[in-house]
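Starting from these lines, generate the structure:
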Amino acid sequence: MKTIRYISLILLLACAFTAHAQLDLRLNKKFVLKDHCYDKQIKSILMFKGDDELSDPILEPGSTDVLTVMFDDLNENGRSLYYTIVHCDADWNEDATPQNDYMTGFTQSYLRDYEYSINTRIPYFHYKFTVPNNDISLKISGNYLVKVYDYSNPDTPLFQKGFSIVESKVALKLQYENLTNRGLREQQQLNFSLSYAGLNVMDPYRDFKIRIEKNSHRIPEITIPTPTFISGTNIDYSQPTKNIYPGGNEYRPFDIRTLEYAAQGVSLVDLRTDGYHALLNNAATRANKPYLYERDLNGKYYIDYRTKFGNKHIEADYVQVYFTLPKDEPYPNATLYVFGQLSDWSIYDGHAMVYSYERRAYELMLTLKQAMYNYMIIAVDDEETFDEGFVEGNFSETENSYSVYVYFRSPRDRWDRLVAIEQINTLTQKGSFSGVINF
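Have a look, this model is predicted:
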């Protein structure tokens with residue numbers, strides 16, 4: 001009887017979400033920086049270092065390391081695709097750096113390495129390429145965007161993905177402060193200092209730009225720190241009442257690596273004529289509730305399956321995944337979004353949860369590839385304020401990874417150089433840009 005009730009619910013949700021089945025990729029520009037997708041048939045866009053799918057896309061000049069880019073195209077007819085690479089400033093805006101100053105090789109490179117999916121209910125083309133490669137090499141540090149285009153529509157990219165090259169000219173020291181003993185049970189503090197003995201700095205207040213990421217994405221509400229004091233070639237940004245950020249909560253996990261049964265975070269998996277459907281466990285509001293540690297991927301995901309033994313990237317299927325947040329009444333001045341790497345760390349209109357008065361719940365359906373996922377539900381109010389604690393709660397104990405990016409631009413430079421990146425984890429007090437899979 002319980003199974004029949006779940007199947008009836010999933011059929012009801014499928015019908016109710018028909019109007020939202022085509023993912024709306026309009027963007028709130030305030031919350032878009034380096035990663036976003038413009039085409040609803042492009043899915044599972046990943047960029048990582050080497051073979052480590054959970055690592056951050058960061059390289060050093062002269063290194064033999066490469067970044068792997070992969071994605072799926074659900075357009076059954078196939079398309080002729082190519083990519084280009086552009087240099088950006090510290091805020092991921094395309095700058096005016098001439099191409100021959102930041103790269104050598106072809107202006108555009110066609111994507112020839114692709115495979116067709118095998119034995120999947122939803123067919124797709126899987127693309128893969130690396131940066132740098134035999135066609136393109138990069139010469140300077142800073143932020144870069146990879147942009148992929150359809151040859152028939154060169155004016156609008158299908159998607160863009162950001163990565164960084166750091167030249168490590170500055171020594172950067174981070175220190176995480178637990179604020180619980182100060183009575184601040186919802187915030188975390190990040191203090192840091194840097195030494196720039198390896199650079200010719202004229203004005204340390206003007207020449208450096210500091211940017212901070214939390215769990216691999218930048219949040220608009222993270223303020224830009226200013227120096228507390230400068231001594232010689234040392235700059236200290238530590239302040240007892242500054243650099244304090246909302247702690248947030250652990251990401252919510254769900255596992256659709258298997259479609260034979262309901263795994264972690266999943267209530268039901270159902271195979272229908274149009275493919276697989278998965279109903280996730282109801283997402284309860286966690287604000288104003290006690291903190292509970294649960295190991296997560298800090299919002300990331302990795303492609304995998306548990307029922308086949310082959311190439312997971314072309315044999316994993318796509319699933320219609322249903323998110324539900326029960327609520328007696330809708331929030332009056334906030335829009336809720338499903339957020340994480342599965343949303344490209346962006347705020348898409350198509351990732352907004354729709355309130356159902358009939359079922360008294362916020363709902364959303366997304367088409368996702370078999371993988372281990374993390375997500376959270378964030379709120380954006382009428383003033384366009386990003387609030388990850390609105391539904392999830394804020395806790396000083398939350399395990400987060402903070403990354404500090406230091407950019408340098410002297411009056412003689414024509415672009416923002418990336419001269420340091422350091423990361424610190426609030427739980428281990430250590431930093432790592434590599435991912436470890438232990439699930």
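
My guess is I347 contacts V380. True?
Yes: judged on CB atoms under 8 Å, I347 makes contact with V380 at a distance of 6.4 Å. (Each C-beta comes from the backbone N, C-alpha and C, glycine too.)

With neighbour numbers in mind, choose between the two.
I347 (23 against 20; other CB atoms under 10 Å).

Sheet partners, orientation included, of the host helix or strand of Q423?
Assigned by DSSP states H and E, Q423 belongs to strand 417-425. Partners of strand 417-425 in the sheet, by DSSP bridges, are strand 401-408 (antiparallel).

can you list contacts of the strand it pairs with?
Applying CB atoms under 8 Å, 6 or more residues apart in numbering, the contact partners of strand 401-408 are 56, 90, 142, 164, 169-170, 172, 174, 176, 190, 192, 194, 196, 199, 201, 207-216, 298, 416-426, 431, 433.

just stretch 63-75 next, same as before
Applying CB under 8 Å, 6+ apart, the contact partners of stretch 63-75 are 41-51, 57, 59, 79, 81, 83, 117, 122-133, 146, 148, 159, 161, 163, 313, 318, 369.

From the residues you listed, keep the buried residues only.
41-49, 57, 59, 79, 81, 83, 117, 122, 124-127, 129, 131-132, 146, 148, 159, 161, 163, 313, 318, 369 (16 or more other CB atoms under 10 Å).

Of the contacts of strand 401-408, just the buried ones, ChimeraX syntax please.
Applying 16+ other CB under 10 Å to the contacts of strand 401-408, the buried members can be selected in ChimeraX as follows:
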select :56,90,142,164,169,170,172,174,176,190,192,194,196,199,201,207,208,209,210,211,212,213,214,215,216,298,416,417,418,419,420,421,422,423,424,426,431,433
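
Among the contacts of strand 401-408, which ones are in strands?
Of the contacts of strand 401-408, the ones assigned to strands by DSSP state E are 142, 164, 172, 174, 176, 190, 192, 194, 208-214, 417-425.

Can you list the low-confidence ranges for this structure?
1-33, 181, 183, 219-223, 307-308, 431-439 (pLDDT under 70).

hmm, try it at 80
In the prediction, the chain carries residues with pLDDT under 80 at positions 1-33, 178, 180-184, 219-224, 306-309, 429-439.

Could you list the domains of it?
Using automatic domain parsing, the domain parsing of the chain gives 32-165, 171-247+397-425, 252-392.

quick revisit: return the subset of the buried ones among the contacts of stretch 63-75 lying in strands.
Residues of the buried ones among the contacts of stretch 63-75 located in strands (DSSP E): 42-49, 59, 81, 83, 125-127, 129, 131, 146, 148, 159, 161, 163, 318, 369.

just checking, I45 touches C37?
Yes: counting by CB under 8 Å, I45 does reach C37; the two are 6.2 Å apart.

any common contacting residues for those two?
Shared contacts of I45 and C37, defined by CB under 8 Å, 6+ apart, are found at 159, 344.

Show the residue spans covered by the strands in the stretch 201-350 of the chain.
208-214, 229-231, 234-236, 244-246, 252-255, 266-272, 275-280, 302-303, 318-326, 334-339 (DSSP state E, counting those that start in this stretch).

Between these, which one is closest to N100.
Ranking the strands of the stretch 201-350 of the chain by their distance to N100 (criterion: CB to CB) puts strand 208-214 first, at 24.9 Å.

Remind me what the closest one packs against, helices and strands.
With contacts defined as 3 or more CB pairs under 8 Å, 6 or more residues apart in numbering; DSSP states H and E, the packing partners of strand 208-214 are strand 401-408.

if we go to 10 Å?
strand 187-195, strand 244-246, strand 401-408, strand 417-425 (3 or more CB pairs under 10 Å, 6 or more residues apart in numbering; DSSP states H and E).

Go through this protein and flag its longest strand.
The longest strand of the chain (DSSP E) is strand 371-381.

ok, that strand: who's next to it in the sheet?
Partner strands and pairing direction for strand 371-381 (DSSP bridges) are strand 252-255 (antiparallel), strand 302-303 (antiparallel), strand 334-339 (antiparallel), strand 386-387 (antiparallel).

outside of the first one, which residues touch it?
Residues from elsewhere that reach strand 252-255 (CB atoms under 10 Å, 6 or more residues apart in numbering): 262-267, 278, 280-281, 283-284, 286, 294-297, 299, 301, 304, 306, 321, 323, 338, 340, 368, 370-377, 392, 439.

What are the buried residues along the longest strand of the chain?
Under 16+ other CB under 10 Å, the buried positions of strand 371-381 are 371-380.

quick one, it and strand 318-326 angle?
40 degrees (axes from the mean of the first three to the mean of the last three CA atoms, to 10 degrees).

Need the CA coordinates for strand 371-381. CSV is fine.
Output in CSV follows, covering the C-alpha atoms of strand 371-381 (Å, rounded to 0.1, in the frame of the first residue of the first chain):
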residue,chain,number,x,y,z
ALA,A,371,25.6,10.5,-9.2
MET,A,372,26.2,11.2,-5.5
TYR,A,373,24.8,14.7,-5.0
ASN,A,374,24.8,17.5,-2.4
TYR,A,375,22.4,20.4,-2.4
MET,A,376,20.9,23.0,-0.1
ILE,A,377,17.8,25.2,-0.3
ILE,A,378,18.7,28.9,-0.3
ALA,A,379,16.5,31.9,-0.2
VAL,A,380,16.6,35.2,-2.2
ASP,A,381,14.4,38.0,-0.8
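
quick one: it to strand 275-280, angle?
60 degrees.

shouldn't Q189 be in contact with L179?
Yes: using CB atoms under 10 Å, Q189 makes contact with L179 at a distance of 5.6 Å.
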